[in-house]
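Asks: how would this look folded up:
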Amino acid sequence: MKKVKRVKDNLPIRFYNRLFFRIFSYFAVVVSLFAVLLGFIYMKLYESGTMETYRDDLIRQAERIAFQVSDFSATEQQNEFIAYEDALYTVEDPELTDVWILANPNVQTPLADTFTNIKLSNVTLMPEYNEILNKAFSGKTAYNAGNDDVYGRLMVRVAVPVMDAGGNVAGAVMILSVMEGQKKVINRSQSLIWISSVVALIISVIVSTVFARQISGPISEMRKTALTLADGNYDIKTGLVKHGEIGQLAGAIDILSDRLKENEAERKNIEQMRLDFFANVSHELRTPITVMRGYTEMLVDDVITDEAKKRKYYERMLLECKSMERLVGDLLILSKMQNPDFVIDAEPVNLVQVFEDIIRSARVIARKKNISIKMKQDTECAMMHGDYDRLRQMFMIIIDNAIKFSKENGEILIEIESKELLRIRITDKGIGISGEELPFIFEKFYKSKLRQNAQGSGLGLVIAKQIAIKHGGTVDVESEVGIGTMFEFAFDKIELEMI
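Replies: Numbering: from 1, shown residues only. Predicted coordinates for the structure are as follows:
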């Protein structure tokens, strides 16, 4: 068998073009981007959350101090205020946190100097300080954060108003806190997040590798199987049992393997049939040609001088010519019938009329052996779509064989039955067909060894079956040696109202 040439089949595939690498890359890039993006978002959210929590703690602390200062101012408990102020610096780390208590210069009764620890007249405040103090002096809680030029560090600043007994803003409490501790916590958390991201990336690489192999491995096996099929080895199978589209693709390739194997077997069978056909045609033509050549040479060489013998030889040559003509005609008809593009000229045909025509012709042949031909039908109009001449030829082949293989004084019965289908049975009481020969009677050039079949071409029954197939019908045979043979045809019928 001619092998299919595979272009560039043996050329190496670059690593970056391999399916495994592409699947791995896509999956790894997606997971990596997801991990980095998720880590970045989480770090920002954590940093923001930490800052907000710390700010809220400072605001609550400033509000408690403002409440105590307001209470001490309203009751003029100066000594208690001093003790409270000392206690604040004992609790708070003076290097990290400053607590400023300031009077509000914008009101008539500001907080007394004895209840403050910073005087605005003695200090020059940066804009960031003034921003939150002004809000606190207006009765609002204020907050900001950033690098502080005074402290030289990252600071968080909160300010809350101090109310007097009349509900006026007498002053403000401002807490200045260095964020070193929170920054360390944030940095440690970020480190953990980065470590987690790296671990996630490593895991994603492992998972991507396994995942890519799960997809690329079966596809690689299917590629090898397809190339083996292309080389003509149709026994190969993928051997893959998987769920999903990959499993379906592997199953489709296995089905393709089976179909190719069946087609190859059919191709070999057809090829053998073709060779047998030519061998049989050559054999069938060789005999009459040899006979005619022998007779012709004798006549040309004047070997035969007797006129009676010459006439006999001429008759023999004419008989051989008719035999070859019949053989060639049968071959042309068979070739036409087996051509898939050949379409019969179908028209409504009454099989009763077809058989009446056939019987008139067949009785001339049957009379030589005193064989009677009878017909029995359950309708006078058995209609079907078909070619009148081809149908007549098909049934005439069967009846001609029935006459040929029937004994003297025999009988042939034709039955036409019109029910769901049109069924035609042709039964004879001839010598019958043996069980060994019955499976082969529709093969080309098959002839029994009986003397009645000596002049046959072995194509009659083949042609009859092909005509039946072209009409969408079927043909079955039942036979028993010494009892007779029955051919049964079945066709679709048409109703009279459809015509």
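Asks: and the strand or helix carrying Val328, what's its mean pLDDT?
Replies: Following DSSP states H and E, one finds Val328 within helix 307-338. Mean pLDDT, computed over helix 307-338, is 75.
Asks: for that helix, packing partners?
Replies: Applying 3 or more CB pairs under 8 Å, 6 or more residues apart in numbering; DSSP states H and E, we find helix 307-338 packed against helix 244-300, helix 460-470. Heads up, the C-betas are built off the backbone N, CA and C, glycines and all.
Asks: distance from the first one to the middle of the chain?
Replies: To tie it back to what came earlier, the one meant is helix 244-300. Relative to the chain's own centre, helix 244-300 is displaced by 35 Å; criterion: CA atoms, centre = their mean, to the nearest Å.
Asks: same check on the shortest one?
Replies: Taking the mean C-alpha point of helix 460-470 and that of its whole chain, the gap between them comes to 41 Å (CA atoms, centre = their mean).
Asks: and whichever helix or strand comes after it with helix 460-470, angle?
Replies: Downstream of helix 460-470, the next assigned helix or strand under DSSP H and E is strand 474-480. On the basis of axes from the mean of the first three to the mean of the last three CA atoms, to 10 degrees, strand 474-480 is oriented at 140 degrees to helix 460-470.
Asks: elements contacting strand 474-480?
Replies: helix 460-470, strand 484-491.
Asks: same question for stretch 380-387, mean pLDDT?
Replies: On average, stretch 380-387 scores 89.
Asks: show me which residues of it are buried.
Replies: 382-387 (16 or more other CB atoms under 10 Å).
Asks: OK, contacts around Gly171?
Replies: 69, 101-104, 110-111, 115-116, 161-162 (CB atoms under 8 Å, 6 or more residues apart in numbering).
Asks: now Leu229
Replies: 236, 253, 256-257, 260.
Asks: tell me the domain boundaries of the chain?
Replies: As given by automatic domain parsing, the domain ranges for the chain are 244-336, 343-498.
Asks: related to what we said a few turns ago, closest to Gly39 out of the buried residues of stretch 380-387?
Replies: Nearest to Gly39 out of the buried residues of stretch 380-387 is His385 (CB to CB; 78.5 Å).
Asks: now do the same contact list for the closest one.
Replies: By CB under 8 Å, 6+ apart, the neighbours of His385 are 346-349, 471, 492, 494.
Asks: and with 6 Å instead?
Replies: By CB atoms under 6 Å, 6 or more residues apart in numbering, His385 lies in contact with Ala346.
Asks: is it in a helix, a strand, or coil?
Replies: Assigned with DSSP: H, G, I helix; E, B strand; the rest coil, His385 falls in the strand class.
Asks: what's the spacing between it and Gly473?
Replies: 11 Å (CB to CB, to the nearest Å).
Asks: for Lys404, same thing?
Replies: The gap separating Lys404 from Gly473 is 23 Å, by CB to CB.
Asks: okay, the two: which has more neighbours?
Replies: More neighbours surround Gly473 than the other of Lys404 and Gly473, with 21 against 18 (other CB atoms under 10 Å).
Asks: run through who's touching stretch 419-432.
Replies: With contact meaning CB under 6 Å, 6+ apart, stretch 419-432 is reached by 382, 384, 398, 402, 405-406, 410-417, 479-491, 493.
Asks: does anything pack onto the helix or strand hosting Glu52? Which helices or strands?
Replies: Glu52 is part of helix 19-75 when elements are defined by DSSP H and E. Judged by 3 or more CB pairs under 6 Å, 6 or more residues apart in numbering; DSSP states H and E, helix 19-75 is in contact with helix 78-91, strand 153-163, strand 169-178, helix 180-230.
Asks: what angle sits between that helix and helix 180-230?
Replies: Using the same axes, to 10 degrees: helix 19-75 against helix 180-230 is 160 degrees.
Asks: angle of helix 19-75 against strand 153-163?
Replies: Using the same axes, to 10 degrees, helix 19-75 lies at 40 degrees relative to strand 153-163.
Asks: what's the mean pLDDT across helix 19-75?
Replies: For helix 19-75, the per-residue pLDDT averages 80.
Asks: what's the angle between that helix and strand 169-178?
Replies: Interaxial angle, helix 19-75 versus strand 169-178 (the same axes, to 10 degrees): 140 degrees.
Asks: how far does helix 19-75 sit from the chain's center?
Replies: For helix 19-75, the distance to the chain centre is 49 Å (CA atoms, centre = their mean).
Asks: wait, what's in contact with Lys310?
Replies: Ile304.
Asks: look up how far Val291 lies from it.
Replies: With CB to CB as the criterion, Lys310 and Val291 are 15 Å apart.
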